[in-house]
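> dropping the sequence and predicted coords here.
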Amino acid sequence: MKEHFSFDQRLGIFLPDMTEEWDDYSKDTQQEILFHWEQIRGSIPDRIFELENEINHKQAQLSDENNFARSCQLNSEIAELASIINDLWLWYRANQTLSEKMHQ
């Protein structure tokens, strides 16, 4: 399945990376891709939980930080983590239709 997915460093998960149109894949390959995506998709909430823990840790650091430059850095890191979480939720929801095809 590696040829149908590529690792997204920023999101920390594998994402679909199709080189052909969906209908050009055999039914068996489609089922394998969908099964693999469903496993990845199922791990997204766990990944989000990890990132939320990082945010909580950084927010705790921020509440005790007196250095303005470091406070700005922490705020920036928190914003980036929140952006990653948002993108992960988009992948989780937008590709729900792929998961639904698997069950048809």
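Received the coordinates, thanks.
> can you give me the helices in the chain?
27-63, 68-94, 96-102 (DSSP state H).
> how about CSV for those, with distance to K2 and mean neighbour count added?
To be clear about C-beta, it is placed using only N, CA and C from the backbone, and glycine gets the same treatment. Formatted as CSV, the helices of the chain follow (distance: least, Cβ to Cβ, whole Å; neighbours: other Cβ atoms under 10 Å):
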stretch, distance to K2, mean neighbour count
helix 27-63, 10, 14
helix 68-94, 18, 14
helix 96-102, 18, 12
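> adding mean pLDDT and distance to L11, write these out as CSV.
Shown next, in CSV, are the helices of the chain (pLDDT from 0 to 100; distance: least, Cβ to Cβ, whole Å):
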stretch, mean pLDDT, distance to L11
helix 27-63, 95, 8
helix 68-94, 96, 6
helix 96-102, 55, 17
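> tabulate those helices (JSON lines), appending distance to T19.
Converted to JSON lines, these look like this (distance: least, Cβ to Cβ, whole Å):
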{"stretch": "helix 27-63", "distance to T19": "12"}
{"stretch": "helix 68-94", "distance to T19": "19"}
{"stretch": "helix 96-102", "distance to T19": "16"}
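> of those, which is nearest Q9?
Among the helices of the chain, the nearest to Q9 by Cβ to Cβ is helix 68-94 (10.7 Å).
> who's in contact with the closest residue to E54 other than its chain neighbours?
Leaving out its chain neighbours, the residue that sits closest to E54 by Cβ to Cβ, 6 or more residues apart in numbering is L81, at 5.6 Å. By Cβ atoms under 8 Å, 6 or more residues apart in numbering, L81 lies in contact with 51, 54-55, 58.
> again, only using 6 Å
By Cβ atoms under 6 Å, 6 or more residues apart in numbering, L81 lies in contact with 51, 54-55.
> any idea which of these is the one closest to F68?
For those, the nearest to F68 is I55 (20.3 Å; Cβ to Cβ).
> please report how far the closest one lies from S71.
I55 sits 15 Å away from S71, going by Cβ to Cβ, to the nearest Å.
> how near is E77 to D46?
With Cβ to Cβ as the criterion, E77 and D46 are 21 Å apart.
> contact partners of stretch 5-16?
17, 40, 47, 88.
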